[in-house]
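**Student:** How does the following fold in three dimensions:
(one chain, ligands or ions: 1)
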Amino acid sequence: MLEVEVWRRLLGIDRRTVIESIEFDEDADAIVAHVRPRRSKKRRCGLCGKASPGYDQGEGRRNWRALDLGILKSFLQSDSLRVNCPEHGPTVAQVPWARHGAGHTRDFDDQVAWLVTHTSKSAVGELLRVAWRTVGSIITRVVDDARAAHDPFNGLRRIGIDEISYRRGHKYLTVVVDHDSGRLVWAAVGRDKATLEKFFDLLGEERSHLVKLVSADAAEWIATVVAERCPNATLCADAFHMVSWATRALDDVRKDIWREAKKMGAPTLIARIKGCRYALLKNPEHLTDKQQMGLARVAQVNKTLYRAYLLKEQFRLVFQLRGKAAIRALDDWCDWARRCRIPAFVDLYYRVLRHRESIVATLINDGLSNALVESTNTKLRLLTRMAYGFRSTDNLIALCLLDRGGYCPPLPGRREAA
Ligand SMILES: [Zn+2]
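**Tutor:** Okay, here's the model as predicted:
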């Protein structure tokens, strides 16, 4: 193999690029490969790829960080000419080895994106010697690129709409998942009508009319937009959110009893209720032995709290059934909750009654994955924390799409094996 061919393989560049020379930069302790796009390749606009006449020398010579070679950093160095695109005006010309506007090669970008979804934040920074802010820009480029190549909204029939809090609950993202592919398809900052309307604007009227099912928590603004934009869709209540209502009601009951017990100075009651929060709120199949005993003690000392617990559990069971049996269970639950004389659950009863139609729609529609909404919700929360230190919310959204939207690229050079 010719020496130049070895370098080409090492640097991961194809025949569209000519290697002019290789040098070792003592100061930077790095390998620098001087390259240029092959002459036969007409100059193209970096934004749209259209062949365009030359404009000027741009910033002159510049570096693109490439993947490390062994223990050394490496760079591709080239002129960064500008072309005069008929559409975009003077623009930096396209280069075969990097995405537009990038300071890193395509392979380097892809490696960053892969690592971000497979390892910790600190490992990515240490291993690749890049700042976290830079990582944010890189993954945004990777995701934008992938989404430009494939229409992310094709074939949407059954979608889930949710809101995710970030910045310690002060800010929100509205997210849309596809129940059929299991993927996150869209996210934007905000939780209101105007935000969600942006999604349906992108989807367009024709495709919005093809949407058959929309699952969501019971937020009014979602219901309003869905009714306007998707006339053929049934709105379903997310089981995950419904169950969380019951869990919250139970927690309210527990807090009231706790406060009451403290006011009265009832030490036995306090001692028994203390520390049973998780036992009450967790699904019974996940309880430890100790937590089960805690629950049994609750049953002994406070009938109200125990009844509230059973109401929560029965409500949760409704969503594990399907069809007629589920609707019957829902009606039984409503009967009980209406008469239970526990204010938090009487309130919940009225709330459920208001949303009965969309709850029933969930119960009779098979395959609306509650697990999907729940796991996406959990994962997105982790990702919003990981995104601390990014420059913008665009970077946060890119991280969410990269991980949950199926945009993680294969590792460089492994395309066939993937
Ligand atoms: Zn252009």
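
**Student:** Please save the CA atoms from the helix or strand of the chain with the lowest mean pLDDT in CSV.
**Tutor:** The weakest-scoring helix or strand in the chain, judged by mean pLDDT, DSSP states H and E, is helix 267-273 (a mean of 78). Taking C-alpha atoms only, helix 267-273 is exported to CSV below (Å, rounded to 0.1, in the frame of the first residue of the first chain):
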residue,chain,number,x,y,z
PRO,A,267,-46.2,9.7,68.9
THR,A,268,-47.3,6.2,67.9
LEU,A,269,-49.0,7.4,64.8
ILE,A,270,-46.1,9.6,63.9
ALA,A,271,-43.7,6.8,64.3
ARG,A,272,-45.7,4.4,62.2
ILE,A,273,-46.4,6.9,59.3
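
**Student:** which residues sit against the helix or strand just after that helix?
**Tutor:** Next in sequence after helix 267-273, counting helices and strands by DSSP states H and E, comes helix 277-281. Contacts of helix 277-281 with the rest of the structure, by Cβ atoms under 8 Å, 6 or more residues apart in numbering, involve 247, 250-251, 254, 287, 291-292, 294-295, 298, 305, 309, 312. Using the backbone N, CA and C atoms, a C-beta is placed for each residue, glycine as well.

**Student:** Find the nearest non-adjacent residue to the residue of the stretch 201-350 of the chain found nearest the ion, please.
**Tutor:** Of all residues in the stretch 201-350 of the chain, residue 202 sits closest to the ion, at 22.1 Å by Cβ to the ion. Excluding the flanking residues, the one nearest residue 202 by Cβ to Cβ, 6 or more residues apart in numbering is residue 153, at 6.7 Å.

**Student:** What about the one you found, how many residues nearby?
**Tutor:** 18 (other Cβ atoms under 10 Å).

**Student:** quick one: contacts for it?
**Tutor:** In this structure, residue 153 makes contact with 185-186, 202-203, 207, judged by Cβ under 8 Å, 6+ apart.

**Student:** Pull the most distant pair out of those.
**Tutor:** Farthest apart among the contacts of residue 153 by Cβ to Cβ are 186 and 207. That separation is 12.5 Å.

**Student:** higher neighbour count, those two?
**Tutor:** Neighbour totals were compared for residue 186 and residue 207, and residue 186 leads with 24 against 17 (other Cβ under 10 Å).

**Student:** Which residue, other than its chain neighbours, is closest to that one?
**Tutor:** Using Cβ to Cβ, 6+ apart, the closest residue to residue 186 is residue 176 (4.4 Å).

**Student:** Residue 87 touches residue 48, doesn't it?
**Tutor:** Yes - using Cβ atoms under 8 Å, residue 87 is in contact with residue 48, at 6.1 Å.

**Student:** Tell me the residues that contact both of those two, please.
**Tutor:** Between them, residue 87 and residue 48 share no contacting residue, judged by Cβ under 8 Å, 6+ apart.

**Student:** Wait, a helix at the residue nearest to residue 202?
**Tutor:** No - counting by DSSP: H, G, I helix; E, B strand; the rest coil, residue 153 is not part of a helix but coil.

**Student:** Now it, what are its backbone angles?
**Tutor:** The phi/psi pair for residue 153 (degrees, to the nearest 10) reads phi -110, psi 10.

**Student:** Number the residues from 37 up from this point.
**Tutor:** From this message on, residue numbering opens at 37, which makes the last subject residue 189.

**Student:** Which part of the stretch 187-336 of the chain gets nearest to the ion, residue-wise?
**Tutor:** Closest point on the stretch 187-336 of the chain to the ion, by Cβ to the ion, is residue 187, at 20.5 Å.

**Student:** per-residue pLDDT, the residue lying closest to residue 51 once chain neighbours are set aside?
**Tutor:** If the residues on either side of it in the chain are set aside, residue 51 comes closest to residue 74, at 7.0 Å by Cβ to Cβ, 6+ apart. At residue 74, the model reports a pLDDT of 87.

**Student:** ok, now residue 278?
**Tutor:** pLDDT at residue 278 comes out at 89.

**Student:** Count the neighbours of the residue of the stretch 337-454 of the chain found nearest the ion for me.
**Tutor:** Across the stretch 337-454 of the chain, the shortest distance to the ion (Cβ to the ion) belongs to residue 430, at 21.6 Å. For residue 430, the count of nearby residues is 16 (other Cβ under 10 Å).

**Student:** packing partners for the strand or helix carrying it?
**Tutor:** If you go by DSSP H and E, residue 430 is part of helix 429-440. In terms of contacts (3 or more Cβ pairs under 8 Å, 6 or more residues apart in numbering; DSSP states H and E), helix 429-440 is packed against helix 142-154, helix 168-185, strand 207-214, strand 220-225, helix 406-422.

**Student:** Taking strand 220-225 as reference, get the angle to the second one.
**Tutor:** Taking axes from the mean of the first three to the mean of the last three Cα atoms, to 10 degrees, one finds that helix 168-185 is oriented at 130 degrees with respect to strand 220-225.

**Student:** what angle sits between helix 168-185 and helix 142-154?
**Tutor:** Going by the same axes, to 10 degrees, helix 168-185 makes 100 degrees with helix 142-154.
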